[in-house]
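Undergrad: mind looking at a prediction? Sequence and model below.
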Amino acid sequence: MLSVCLEIFLARIIDVSISTFRTMIMVRKKSIFTPILAFCEVFIWFIAARKALNTNIDSILIPIFYSLGYATGTYIGGCLSRKFIKNINSIEVTTSRNNMKLINGLRREGYAVSVISLKNNYREKKDLLIVDVKSKNTQEAVMLIQELDPKAFIVVQDTKIVHNGYIK
């Protein structure tokens, strides 16, 4: 019985990891690989589902291992996506007008910073800084911004397409 549970568990890890990775590739417009991955995903899923449903073992362990494989596959698929799919994040920082300490600090660390003056109904004048970074550098950049301006309003967005420009 344990061998059947492990087979189902491993098959679900593989098919759900492929599914998660395929979805991320599709979102990133790299769709040439998605049909191949979809075929592999469903093929493995079919084998796992057939094994789970056609076993003559009447045990709660079958659905538990099936579900654990799904959960583990989701986690592993996310890790694979972060590892192999390189993406760009756009960091938008609302700060006080002409905050040269923040602007120069970011530029000194190698980040390209675009500065836009904001209009609002308040007396306080603000700037919007836009910093595009590779996803692996996002946390480092956010920590630097918080260090240089603890009151800054920070929004991090996933950017699908970037043409030209400089990205650290």
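TA: On my side now, so go ahead.

Undergrad: buried sites along the longest helix that the chain contains?
TA: Taking DSSP state H as the criterion, the chain has its longest helix at helix 2-27. In terms of neighbour count (16 or more other C-beta atoms under 10 Å), helix 2-27 has its buried residues at 4-5, 7-25. All C-beta spots, glycine's among them, are computed from the backbone N, C-alpha and C.

Undergrad: over to stretch 124-137?
TA: For stretch 124-137, the buried set under the neighbour-count rule, 16+ other C-beta under 10 Å, comprises 126, 127, 129, 131, 132, 133, 137.

Undergrad: ok, now which ones touch the closest residue to residue 20 other than its chain neighbours?
TA: Closest residue in space to residue 20, ignoring its immediate chain neighbours: residue 77 at 2.5 Å, by C-beta to C-beta, 6 or more residues apart in numbering. Residue 77 is in contact with 16, 17, 18, 19, 20, 21, 24, counting by C-beta atoms under 8 Å, 6 or more residues apart in numbering.

Undergrad: name the element the closest residue to the third one other than its chain neighbours belongs to?
TA: Among residues not flanking residue 18 along the chain, residue 41 sits closest, at 4.3 Å (C-beta to C-beta, 6+ apart). With elements taken from DSSP states H and E, the one containing residue 41 is helix 34-54.

Undergrad: what angle do the helix or strand just after that helix and helix 34-54 make?
TA: Counting by DSSP H and E, the next helix or strand C-terminal to helix 34-54 is helix 61-84. Angle of helix 61-84 versus helix 34-54, following axes from the mean of the first three to the mean of the last three C-alpha atoms, to 10 degrees, is 160 degrees.

Undergrad: how about the helix or strand just after helix 61-84: buried residues?
TA: For helix 61-84, the succeeding helix or strand toward the C-terminus, using DSSP H and E, is strand 88-96. The neighbour-count check on strand 88-96 (16+ other C-beta under 10 Å) flags 88, 89, 91, 93, 94, 95 as buried.

Undergrad: if I pick the residue nearest to residue 18, what's in contact with it?
TA: Residue 41 neighbours (C-beta under 8 Å, 6+ apart): 15, 18, 19, 22.

Undergrad: returning to that earlier point: roughly how far is the helix holding residue 41 from the heart of the chain?
TA: Distance, stretch centre to chain centre, for helix 34-54: 25 Å (C-alpha atoms, centre = their mean, to the nearest Å).

Undergrad: can you check stretch 92-112 too?
TA: Stretch 92-112 has its C-alpha centroid displaced from the chain centroid by 25 Å (C-alpha atoms, centre = their mean).

Undergrad: which ones are touching the residue lying closest to residue 38 once chain neighbours are set aside?
TA: Closest residue to residue 38 apart from its sequence neighbours, by C-beta to C-beta, 6+ apart: residue 22 at 6.0 Å. Taking C-beta under 8 Å, 6+ apart as the contact definition, residue 22 lies against 33, 34, 37, 38, 41.
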